[in-house]
Each structure stands twice: as C-alpha cells, then as structure tokens.
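Trainee: Sharing a model that was predicted from the sequence below.
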Amino acid sequence: MELIAFPLLVALIAVALAFDFLNGLHDAANSIATVVSTRVLKPQYAVAWAAFFNFIAFLFFGLHVADTVGRGIVEAAVVDPGVIFGALMGAISWNLITWGLGIPSSSSHALIGGLLGAGVSKAGLSSVVWSGVLKTTAAIFLSPAVGLVLALLLVLVMAWLFVRFTPLRADRWFRKLQLVSAAMYSLGHGGNDAQKTMGIIAVLLYSQGMLAGGFHVPFWVVITCQAAMGLGTLFGGWRIVHTMGSKITRLTPAQGFCAETGGAITLFTATWLGVPVSTTHTITGAIIGVGTSRRLSAVRWNIASRIVFAWFVTIPAAGLISAGFYLATTLFG
C-alpha cells in the first residue's frame with residue numbers, strides 16, 4: 001500500500017470534488033433543459049431549483065452506487081493515488097472537451113472509463129471487476145431505452161387522462177406538474193451521479209488506511225460531494241441545455257413532464273439497484289421517446305446520432321486519456 005503525505009491526499013480529494021462540480025455543471029442540462037425549453041422557468045430559477053434537489057438527494061437514497069464505483073469497477077487493492085489521479089484527470093479532460101463542443105456525453109462513463117484506463121495501466125486486465133463493468137456497460141444501452149419507453153407510455157397515459165381538458169387548461173396543469181417532474185429528475189441525478197465521486201474519495205481513503213471498520217463512505221464525504229454537485233448545477237451548462245432542450249425535438253410542457261418523469265423513474269430504480277447509469281443517456285432517451293410520440297420526423301436524428309456516437313466513444317476515450325495521466329505519474333512520481 002502506497003501511503004502519501006496528507007497535503008497530497010487533500011489535493012487529490014480537491015481534484016475529485018472539482019470533477020463532481022464539473023459533473024454538476026456538465027449535466028445541469030439533464031435536469032433543466034426541458035423546463036427551460038418549455039419556458040416553465042427562466043434559466044436562473046431553473047438551475048437554482050435543480051441545484052437544491054441535487055443537493056438534498058442523499059436524504060432519499062442509499063450509497064449502493066458509491067459502493068459499485070469504489071469496489072466494483074477495478075479491484076480496491078489496485079487503487080492508489082496515481083490511479084485516482086489518472087482516472088479523475090481523464091474524466092475531467094473528456095468532460096471539458098465535450099462541454100466545449102456542446103455534446104451531451106456522460107460524466108459517469110467518463111469516470112468509469114478513467115478508472116479502467118488508469119487501473120489497467122497499473123495492473124493489467126486482472127484488475128478489472130468484470131461483473132461491475134458488464135453491469136455498467138449494459139446500463140449504457142438499457143437506461144436510454146427504458147427512459148424512452150417510459151416517456152412514450154407516459155405521453156399516452158397523460159393524453160388519455162387529459163382528453164376532456166381544453167389545450168389551455170391542460171397546458172396550465174402541466175406547467176405546474178413540470179416543476180414536480182424537474183425536482184424528481186434532479187433528485188435522481190444527485191442521487192446517482194454524486195455517489196460516483198463519493199466512491200472515488202472513499203476508495204482513496206481506504207487505500208490510505210483511513211477507513212476504520214472496512215470500506216464505507218463517511219458522512220462528510222457524502223455531504224461534500226452533494227454540495228459540489230449542487231454548486232456545479234447552479235452554474236449550469238448553457239450550450240448543452242440548448243442541445244438537450246431544443247435541438248433534439250421541440251417540447252411542450254406535457255412532453256417535458258413525461259420526459260422528466262420517465263427519466264426520473266429510471267434513475268430512481270438504477271440508484272436503488274446500485275447501477276451507475278448515465279443521466280445524460282437517460283434523459284436523451286426520454287426526450288426522443290416523447291418526440292417519436294408525435295411522429296418519427298419530429299426527432300432531429302442527425303443530432304441524436306451525434307449523441308449516440310458520444311455514448312460509444314466516452315469510455316475508451318476517457319480511458320486512454322487516464323492511462324496517459326497515470327503513466328505520467330509513474331515517470332515523474
């Protein structure tokens with residue numbers, strides 16, 4: 001076990017929280033794109049709404065996702081400060097690249113790819129926990145598909161429930177309901193995504209022998225990660241908001257409600273099962289679902305295909321960058 005000086009440990013935790021902040025900023029669109037594009041809330045109010053529910057998510061969920069990230073991607077015994085540094089820098093770099101290009105890639109899978117790239121660089125393929133990786137990889141395809149199907153079903157259910165309402169009356173109802181669905185989605189986002197950074201910090205502390213009683217996530221790690229995620233959301237990622245909220249398909253308040261609710265149900269289920277899913281993939285699938293409920297041509301498939309392409313390249317791209325950072329630590333460490 002490689003022990004490091006306390007200031008370096010603090011610095012690595014700060015890098016992890018910086019990733020968490022960027023995750024909130026990068027994924028702000030997931031929580032607020034629909035509520036902004038339907039003009040239910042102004043952007044500054046929407047990000048405050050989402051940030052609050054991102055922060056309080058720890059009150060509603062266990063820490064199963066943190067456990068999966070901490071011990072279920074690469075063997076905990078392999079993890080050392082160099083692996084953590086490589087994983088975080090690879091994920092942060094990929095997030096900044098896609099954020100600059102306005103591409104809604106997955107912060108979650110950037111982190112998973114980072115762990116894999118740095119872990120394999122250190123100890124080879126034997127360091128990989130294949131059960132956790134396969135579960136996470138399966139979620140790449142399942143979470144957007146489930147979000148799509150649930151959103152599509154919700155559109156049909158809402159159309160039946162509100163069939164006797166005038167369009168104006170239904171619109172007023174859905175503008176109120178969208179506040180609830182945006183809050184639910186933000187809870188799901190904060191519950192799933194913030195736990196990934198919790199797992200990273202916890203396994204770092206574990207590698208330094210600082211967790212008495214075995215691997216667990218201390219409460220100060222929980223509250224700090226939730227705060228960093230909330231602050232990142234508060235700053236927002238406006239270019240991605242535009243892509244998610246209007247470029248894929250045009251949304252009404254009813255469709256926004258269905259997309260957010262379908263996505264929230266998917267995230268709640270995944271978080272309770274301990275599966276680190278992509279909130280970006282989930283809401284993208286849900287938005288496509290409500291778009292196809294009108295007609296297939298309502299979805300701008302060229303934009304959707306760019307997003308799908310990002311799904312496939314995120315893990316290997318972040319992994320390669322992380323491997324480079326890890327190898328750099330071995331040269332200069």
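Mentor: That came through fine.
Trainee: which other helices and strands contact the helix or strand that contains residue 330?
Mentor: Using DSSP states H and E, residue 330 sits within helix 301-332. Using 3 or more CB pairs under 8 Å, 6 or more residues apart in numbering; DSSP states H and E as the contact criterion, the elements in contact with helix 301-332 are helix 81-101, helix 107-123, helix 130-161, helix 279-292. Quick note: C-beta positions are derived from backbone N, CA and C, even for glycine.
Trainee: Tabulate the ones you listed in JSON lines, adding columns for mean neighbour count.
Mentor: Listed next are these as JSON lines, based on neighbours: other CB atoms under 10 Å:
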{"stretch": "helix 81-101", "mean neighbour count": "23"}
{"stretch": "helix 107-123", "mean neighbour count": "28"}
{"stretch": "helix 130-161", "mean neighbour count": "18"}
{"stretch": "helix 279-292", "mean neighbour count": "29"}
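Trainee: What mean pLDDT does the helix holding residue 330 get?
Mentor: Averaging the model's pLDDT scores along helix 301-332 yields 82.
Trainee: swap in stretch 57-71?
Mentor: If you average the pLDDT over stretch 57-71, you get 87.
Trainee: Only alpha carbons, please: show it as PDB.
Mentor: What follows is stretch 57-71 as a C-alpha-only set of coordinates in PDB (Å, rounded to 0.1, in the frame of the first residue of the first chain):
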ATOM      1  CA  ALA A  57     -30.700  13.700  -2.800                       C
ATOM      2  CA  PHE A  58     -28.600  12.000  -0.100                       C
ATOM      3  CA  LEU A  59     -31.700  12.100   2.100                       C
ATOM      4  CA  PHE A  60     -33.600   9.800  -0.200                       C
ATOM      5  CA  PHE A  61     -31.100   7.100  -1.400                       C
ATOM      6  CA  GLY A  62     -28.600   4.600   0.000                       C
ATOM      7  CA  LEU A  63     -25.000   4.500  -1.100                       C
ATOM      8  CA  HIS A  64     -25.100   1.500  -3.400                       C
ATOM      9  CA  VAL A  65     -23.800   3.300  -6.400                       C
ATOM     10  CA  ALA A  66     -20.800   4.700  -4.400                       C
ATOM     11  CA  ASP A  67     -20.000   1.100  -3.400                       C
ATOM     12  CA  THR A  68     -20.100  -0.100  -7.000                       C
ATOM     13  CA  VAL A  69     -17.800   2.700  -8.200                       C
ATOM     14  CA  GLY A  70     -15.500   2.200  -5.200                       C
ATOM     15  CA  ARG A  71     -15.100  -1.500  -5.400                       C
END
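Trainee: May I see the buried residues of that stretch?
Mentor: 57-58, 61, 63-71 (16 or more other CB atoms under 10 Å).
Trainee: what do you get for stretch 321-330?
Mentor: By neighbour count, and taking 16+ other CB under 10 Å as the criterion, the buried residues in stretch 321-330 are 321-327, 329.
Trainee: again, but for stretch 198-215
Mentor: In stretch 198-215, counting by 16+ other CB under 10 Å, buried: 198-208, 211.
Trainee: swap in stretch 14-23?
Mentor: Within stretch 14-23, the residues that count as buried by 16+ other CB under 10 Å are 15-23.
Trainee: between those residues, which is closest to residue 36?
Mentor: Nearest to residue 36 among those is residue 23, at 19.3 Å by CB to CB.
Trainee: Mind telling me what element the closest one is part of?
Mentor: Using DSSP H and E, residue 23 falls in helix 6-26.
Trainee: For that helix, which helices and strands make contact with it?
Mentor: Here helix 6-26 touches helix 81-101, helix 107-123, helix 167-207, helix 219-235, going by 3+ CB pairs under 8 Å, 6+ apart.
Trainee: Nearest to residue 278 among the ones you listed would be which one?
Mentor: Distance to residue 278, taken as CB to CB, is lowest for helix 107-123 among the helices and strands packed on helix 6-26, at 4.8 Å.
Trainee: Identify the residue nearest residue 154 in space, chain neighbours excluded?
Mentor: residue 258 (3.9 Å; CB to CB, 6 or more residues apart in numbering).
Trainee: Now render the buried residues of stretch 198-215 as CSV, adding pLDDT and distance to residue 277.
Mentor: CSV is the format used below for the buried residues of stretch 198-215 (pLDDT from 0 to 100; distance: CB to CB, whole Å):
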residue, pLDDT, distance to residue 277
198, 93, 16
199, 90, 14
200, 91, 17
201, 92, 20
202, 91, 19
203, 89, 20
204, 88, 23
205, 90, 25
206, 88, 24
207, 84, 26
208, 86, 29
211, 85, 26
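Trainee: Buried residues in the helix or strand encompassing the residue nearest to residue 154, which are they?
Mentor: If you go by DSSP H and E, residue 258 is part of helix 253-273. Of the residues in helix 253-273, those buried by neighbour count under the rule 16+ other CB under 10 Å are 253-268, 270-271.
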